[in-house]
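K.L.:
One predicted model, sequence on top.
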Amino acid sequence: MNTTQGVTVRVENCAKTFADGTRALDPVTLDVARGETLVFLGPSGCGKTTMLRIIAGLEKPDSGGRVLFNAQDVTRIPIERRNVGMVFQSYALFPNMNVAQNIAYSLALRGAGKAERDSRVAELVALTGIEGLENRNIDQLSGGQRQRVALARAVAMRPSVLLLDEPLTALDAALRERLRGELDRLLRTLGITTIYVTHDQSEAMTLGDRIVVMRKGAIAQVGSPRDIYFKPASRFVAEFIGAANIIDAVSDNGVLVLPGGRLAVDKTGHGQVAAMIRPESIGIISPEAAFLVGRVASVSFTGDRQRLVVDGASDKPLIVDASNTLAVKIGDTVGLTVAPSAIQFLQGA
Amino acid sequence: MNTTQGVTVRVENCAKTFADGTRALDPVTLDVARGETLVFLGPSGCGKTTMLRIIAGLEKPDSGGRVLFNAQDVTRIPIERRNVGMVFQSYALFPNMNVAQNIAYSLALRGAGKAERDSRVAELVALTGIEGLENRNIDQLSGGQRQRVALARAVAMRPSVLLLDEPLTALDAALRERLRGELDRLLRTLGITTIYVTHDQSEAMTLGDRIVVMRKGAIAQVGSPRDIYFKPASRFVAEFIGAANIIDAVSDNGVLVLPGGRLAVDKTGHGQVAAMIRPESIGIISPEAAFLVGRVASVSFTGDRQRLVVDGASDKPLIVDASNTLAVKIGDTVGLTVAPSAIQFLQGA
Amino acid sequence: MTHKFFTRLCLVPLIAVIAAFFVLPMLRVIVVGGSGDMGLHAYAAIILEPRFRATLINTLVLASVTTALSLAIATIAGLFLQRHRFPGRALLVAMLTFPLAFPGVVVGFMIILLAGRQGLIGALSLPLAGEKWVFAYSMQGLLLGYLYFSIPRVILTIMAAIEKLDPSLEEAARALGAGPWAVHRDVILPALMPAFIASGAIAFATAMGAFGTAFTLATNINVLPMLIYTEFTLSANIAMAAALSVGLGLVAWAALALARAFSGGTVAAAG
Amino acid sequence: MTHKFFTRLCLVPLIAVIAAFFVLPMLRVIVVGGSGDMGLHAYAAIILEPRFRATLINTLVLASVTTALSLAIATIAGLFLQRHRFPGRALLVAMLTFPLAFPGVVVGFMIILLAGRQGLIGALSLPLAGEKWVFAYSMQGLLLGYLYFSIPRVILTIMAAIEKLDPSLEEAARALGAGPWAVHRDVILPALMPAFIASGAIAFATAMGAFGTAFTLATNINVLPMLIYTEFTLSANIAMAAALSVGLGLVAWAALALARAFSGGTVAAAG
């Protein structure tokens, strides 16, 4: 069922000011490729949901803004005629219909016959792994099952674009992690152009072909998960995506001068810099062999690793993710090593 | 304020059968040392909350069961005279009192004067980092602030034992992680004997001196976080705590024979075994240099690492956590290496 | 002294007294209903005696029509009021609650002042339509009075239900291709069904038992509460009055039980 | 055609008609109240005229006492019923809702059958206490009748509020050292305060406007709805009846507005 009816989506100069004068979104221009999964990621109130609702047709952009599906202007087409599949955070399943009726609702609206509806429902329950639940009422479903029904319902009429608004947020952590993987496989199977909104960076990393990091109604960075993680454009992106040590220090001809020693970096010239180092990029070695040393202030064992806080090495305590087999305790003096390529210099705030 | 008034707690042969005949807890005997933090960890319905409520005095154990504080039998003493501090998942702050009144409530009940109450409140708001909120109403507080007020209130009368029932579950993931660290420091500062109930294994790992893993009303394993993680007593514990590959294979004189090759193990003799390997213990090497090879079925980049699923090496797909800098893609043939000490043999189911 | 024992000790006798207080009068009415000249036939007479049957049917029809009209008007008005913010909206909503403050007898007077012989409507219709419209004492007048106190009750319940609707239900239906009619037919009205049943049952029970309004307006028409009053006071037929009370009570109680099942417990509004 | 435009188009005229339907009768009553022989002095007379003032005070006192007693009894009974599961509990709770199904006039008869000259209480007290207790037509009888329909309303609201209480609030207080009294004083009763205010205000408004019960029992005592009826029908003093209606309406509306503020919108139960 490799439905390749995906379209390209172009958001052109779309801003949004609400009736009360609040500016929810600064003008944004963005292209989404056919079949791509684009994730809008950001803290609450960053404008990511407004962006999704403009693409869906639930909000109109301020004048001057346009939304194009396959280069066709759909800005003035209401959502009911845009052919978009949508999954809501609350799932918004119809409680007065059973699972099969929910899934087939869009087909029934389009006048599909019973045989066609039944065969499509059978196809979708198989695809989403909810066989046997067809005649259940919505209130008899678990959270994960509801999520799957919502997804099956959204793709039933083979939408041009699939829009998902925090579809996993209502679930508990373990289930969220499991469904994230399933959702990833499903989106790749369907091949529909997908736009996904979340505040959870692991979800964005796993699912997104590209991630749009948003902040205060504007785009902070657009890029692949690796770009965003390894080459954040700003301090905000560095800190929002995963854990980050941001060191304010003087860089002097390829060497970062720090209270606890020095670090070799890929940067010539002299000047004040903000350097970002991810906790897992810092290696722990013997202090005798190291150019940078510090003292272990805390050790927190989380199973798959140990998170250390190391004082005295940098201007502020460094977070280090070490192997779970490393023998280290509070008060130890340790040597730190970082590959020059793992040190990223940040521009601006 | 290092209050070392902690007591030892002994739970002796405590079982719990509810009025409707449901057995919530099989007979449990357990000792908690003075000042220790013991975490009850398990899925919902495993009996961990019942255990806590028996220690608190909110439930009576079935006849034959006893609870001892400092070797003194408190089984028949009601909760209001046990001097236990308790933090609930819902926080259970009194909405008709402000923050300071909530914190000072236990002192007011004991007839403490205004000066004494005020000074203790000042001490506790400083300790929990909620200075300036003393006169706020409860509904003006954020989730994290409520959590801190609940904690301050529970320790105000210097309880013998501090009991926490999923105190971080109501918070969102980012805040939960931050407060986990704070809570850890606070518990170590207070030095009170603490019993902590959670379903979240990271919380248990970070906070517990010892962890009691529970399942279906019985203890599955008691041990330090490292014991539980590296030497799980059963398949259930291995799978509940972190991610685990459990390989059913034949062990033949120090070698595990697998579809994709073999693994050296610390085990002599011949026989069918269940071997557990944590995903981060598996190294990826060149297939030419490896005794065990497989094919990469999926790669999921999560920022700080890549989670691979490798087919063909074992009886089922292996989960491997690899470095985020490793260049690997779906379809690659990879070599796998595991230190013999990282392979743990499981007994029973 | 444990908590449980403490509460039990204080309360058992009190509960017994309250139970007696609630049960005794009702039992008494039931017994009296069966102990007149007709014996237990008094209960059968509610349906067999043509005069009583006509009144019962009258009352049921009036209550049903009141309920249906209240629901229809309240749903349309509730949807409009809940969706639109316009100047004067708060005032309009507050106004809707005014009728709740008046006893039925005052509502009756209002109808007389409006549609009686000296009424506003008559004064307006004479020059406009060439005749004086007077219908205060007719079935229409009674219906108007009943609507006057039913609509606000129903509207408040329905507005609360609309407010609780997940707005993404409507958005989801639209995304799936549903136009305005389909959204209302398939999603909004079905989701409001519990509120319709709950508030409709209350309106029905209230209309069944409304005495004040009927007493001022129903000089030509007979409705059950009036009939009970007449049998008791004027005909001194206490047994029949009691039997009729039991009958009325059963119907109204069933309606309220239905409302309670659909609203979760706090429903309590007969007249 | 957009959704918004669609809805607006259908509904604007309808809303106008409904508004007129609600406003006109009320305006008419207010105008009539000021257009009798006394003019606007009719409104002042509610307080200045001793007969009217006495009735107003009577009514307010009766409604207040009803409210206070209902709250006290309902709280104790509600706490007990919500905390204990015992055989017959469901039946007892269902029984508590029976009085809601009876119109006020039937409640009045019940009181007469219980405490009237042929009443059950009199028949029991004669051999036991040596005298026949008859108090149906007194202030006590009226109060008993009012309690009969007030307590169930209040109890249902309070039981619902108790059910919604987080049980860990009580456990938290106990863990902090609070015994049974302190738990109730410091935690449970304060947490129930909104329910007390909401249900108390409804009981008050209902008692203020209760006509049916008053009509059957209040032959010697005057209460406001009775006074309005007498002025209108017997004295034909329509202006005074209208002025009194407006006064009663204002008091009851204020009580209901208070209830609504504390319960979130669906409160609607005058008599």
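P.N.:
The structure has been received and is ready for your questions.

K.L.:
From now on I want contacts and neighbour counts done on CA atoms only, so please keep to that.
P.N.:
Will do.

K.L.:
mind listing what A:Val7 touches?
P.N.:
A:33-35, A:69-70, A:160-161, A:192-193 (CA atoms under 8 Å, 6 or more residues apart in numbering or on different chains).

K.L.:
out of the residues you listed, who has the most neighbours?
P.N.:
The most crowded member of these, judged by other CA atoms under 10 Å in any protein chain shown, is A:Val161 (30 neighbours).

K.L.:
ok, it touching A:Tyr196?
P.N.:
No - when contacts are counted by CA atoms under 8 Å, A:Val161 is not listed as touching A:Tyr196 (10.6 Å).

K.L.:
Closest one to A:Asp315 out of the contacts of A:Val7, please.
P.N.:
The closest of those to A:Asp315 turns out to be A:Ala33 (CA to CA; 43.4 Å).

K.L.:
Now that closest one, what are its backbone angles?
P.N.:
A:Ala33 adopts backbone torsions of phi -80, psi 160, taken as degrees, to the nearest 10.

K.L.:
residue contacts, it?
P.N.:
A:7-9, A:193.

K.L.:
For it, give its distance to A:Ala15.
P.N.:
A:Ala33 is 21 Å from A:Ala15, where distance means CA to CA, to the nearest Å.

K.L.:
before we move on, back to that, out of the contacts of A:Ala33, which is nearest to chain B?
P.N.:
Chain B lies nearest to A:Thr193 out of the contacts of A:Ala33, by CA to the nearest CA, at 19.8 Å.

K.L.:
what pLDDT does that closest one get?
P.N.:
On pLDDT, A:Thr193 comes in at 94.

K.L.:
Give the bridge partners for it, please.
P.N.:
Under DSSP bridges, the beta-bridge partners of A:Thr193 are A:Val161.

K.L.:
residues touching it, list them.
P.N.:
Here A:Thr193 is in contact with A:6-8, A:32-37, A:160-162 (CA under 8 Å, 6+ apart).

K.L.:
Check C:Gly130 too.
P.N.:
Under the criterion of CA under 8 Å, 6+ apart, C:Gly130 has no neighbours.

K.L.:
Name the nearest residue to residue 26, ignoring sequence neighbours.
P.N.:
Because you didn't say which chain, this covers chain A. Excluding the flanking residues, the one nearest A:Asp26 by CA to CA, 6 or more residues apart in numbering or on different chains is A:Ala15, at 4.8 Å.

K.L.:
um, chain C though
P.N.:
Distances taken as CA to CA, 6+ apart place D:Met110 nearest to C:Met26, at 7.3 Å, with adjacent residues excluded.

K.L.:
Could you do A:Ile285 as well?
P.N.:
Once flanking residues are discounted, A:Ile285 sits nearest to A:Gly335: 4.8 Å by CA to CA, 6+ apart.

K.L.:
Partner strands of the helix or strand harbouring the one you found and their direction?
P.N.:
Using DSSP states H and E, the element containing A:Gly335 is strand A:333-338. In the sheet containing strand A:333-338, its partner strands are strand A:282-285 (antiparallel), strand A:292-301 (antiparallel), by DSSP bridges.

K.L.:
After it, which helix or strand is next? Please name it.
P.N.:
With elements assigned by DSSP H and E, the helix or strand that comes after strand A:333-338 is strand A:343-345.

K.L.:
That following strand pairs with which strands, and in what direction?
P.N.:
Here, using DSSP bridges, strand A:343-345 pairs with strand A:270-277 (antiparallel).

K.L.:
From chain B, how far off is A:Gly217?
P.N.:
Shown here: A:Gly217 relative to chain B, a distance of 22 Å by CA to the nearest CA, to the nearest Å.

K.L.:
Next up, the contacts around the closest residue to that residue other than its chain neighbours.
P.N.:
Nearest non-adjacent residue to A:Gly217, counting by CA to CA, 6+ apart: A:Leu25, 4.1 Å away. A:Leu25 makes contacts with A:14-17, A:47, A:50-51, A:216-218, as judged by CA under 8 Å, 6+ apart.

K.L.:
what do you get for C:Leu169?
P.N.:
Each residue near C:Leu169 by CA under 8 Å, 6+ apart is listed here: A:92-94, C:187.

K.L.:
all strands for chain C, in order.
P.N.:
With DSSP state E, there are no strands along chain C.

K.L.:
Give me the residue ranges of it where confidence is low.
P.N.:
C:1-15, C:18, C:263-271 (pLDDT under 70).

K.L.:
and stretch A:159-175, how far apart are its ends?
P.N.:
End-to-end distance of stretch A:159-175 (CA to CA): 27 Å.

K.L.:
Same check on stretch C:226-236?
P.N.:
Using CA to CA, the gap from the first to the last residue of stretch C:226-236 comes to 14 Å.

K.L.:
can you list contacts of it?
P.N.:
Stretch C:226-236 has contacts (CA under 8 Å, 6+ apart) with C:55, C:211, C:214-215, C:237-238, C:240-242, C:244-245, D:105-106.

K.L.:
Export these to TSV and append columns for neighbour count and distance to B:Ser281.
P.N.:
Formatted as TSV, the contacts of stretch C:226-236 follow (neighbours: other CA atoms under 10 Å in any protein chain shown; distance: CA to CA, whole Å):
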residue	neighbour count	distance to B:Ser281
C:Thr55	20	86
C:Phe211	31	82
C:Ala214	27	85
C:Phe215	18	87
C:Asn237	17	93
C:Ile238	23	90
C:Met240	29	89
C:Ala241	27	87
C:Ala242	30	84
C:Leu244	28	83
C:Ser245	29	81
D:Val105	27	83
D:Val106	30	81
